[in-house]
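Enquirer: Predicted coordinates and the sequence they were generated for:
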Amino acid sequence: MRKKIFLLLLLVSWLFLLFWGAAALHKLFHQYRLFTVISGSMEPALQTGCIIVVDTRPQAVYTPGEIITFQEERDYITHRITDLYYDGQFYYRTQGDANQKPDKNLVPHQAVVGRVVYATGTMLTLCVNILRSRLFFLTFILFATAGLGTRFRRKKIR
């Protein structure tokens, strides 16, 4: 009887930790978004191909010097804030570090996705891009299939 109660308590504790962990992961994954830098407009701060982590928690105002990601029509752009304006709402003047001139349009506060909090280094970016490539996927499938094939073949012989 004690063993059954212990197992029941262990199961309930495990389920509680599972749901608590799932809730924490849900919050974490909704707080941050990942983007890949596809142009050199922010070099050397953000290398082409690097993956950036953007904190999407609402912020009252972003300050000049911060790097933000914003949406312009269907594109997401990551540039540094150079100036802040207020005309009934906040607007940001942005510019890529490698660009000679600031962006033509001011960015309204509502268009900002969030602030860049992390960018991957060169080696991590290379590893992630290899793992995401079709060639890696096809190679993995080929080796996994070959490994399973030899395993099943060995079992039939015995």
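Expert: That came through, no problem.

Enquirer: Reduced to three states, what does the residue nearest the centre of the chain come out as?
Expert: The residue lying closest to the centre of the chain (C-alpha atoms, centre = their mean) is residue 34, at 2.0 Å. Using DSSP: H, G, I helix; E, B strand; the rest coil, the three-state assignment for residue 34 comes out as strand.

Enquirer: how about it, what does it touch?
Expert: Applying C-beta atoms under 8 Å, 6 or more residues apart in numbering, we find residue 34 in contact with 51-54. Just so you know, the C-beta spots here come from the backbone N, C-alpha and C atoms, and that holds for glycine as well.

Enquirer: separation between it and residue 52?
Expert: 7 Å (C-beta to C-beta, to the nearest Å).

Enquirer: Residue 45 now?
Expert: The value you get for residue 45 to residue 52, if C-beta to C-beta is used, is 10 Å.

Enquirer: what touches both of those two?
Expert: The overlap between the contact sets of residue 45 and residue 52 (C-beta under 8 Å, 6+ apart) consists of residue 119.

Enquirer: can you give me the mean pLDDT across the longest helix along the chain?
Expert: For the chain, the helix with the greatest residue count under DSSP state H is helix 2-31. Helix 2-31 comes out with an average pLDDT of 80.

Enquirer: can you give me the offset of that helix from its chain's centre?
Expert: The chain centroid and the centroid of helix 2-31 are separated by 26 Å under C-alpha atoms, centre = their mean, to the nearest Å.

Enquirer: Please apply the same query to stretch 37-56.
Expert: Taking the mean C-alpha point of stretch 37-56 and that of its whole chain, the gap between them comes to 12 Å (C-alpha atoms, centre = their mean).

Enquirer: what about the helices in this protein?
Expert: In order along the chain, the chain carries the following helices (DSSP H): 2-31, 122-132, 134-157.

Enquirer: Which one of those lies nearest to residue 39?
Expert: Closest of these to residue 39 is helix 122-132, at 14.7 Å (criterion: C-beta to C-beta).

Enquirer: Next, the buried residues of the closest one.
Expert: By neighbour count, and taking 16 or more other C-beta atoms under 10 Å as the criterion, the buried residues in helix 122-132 are 125, 128.
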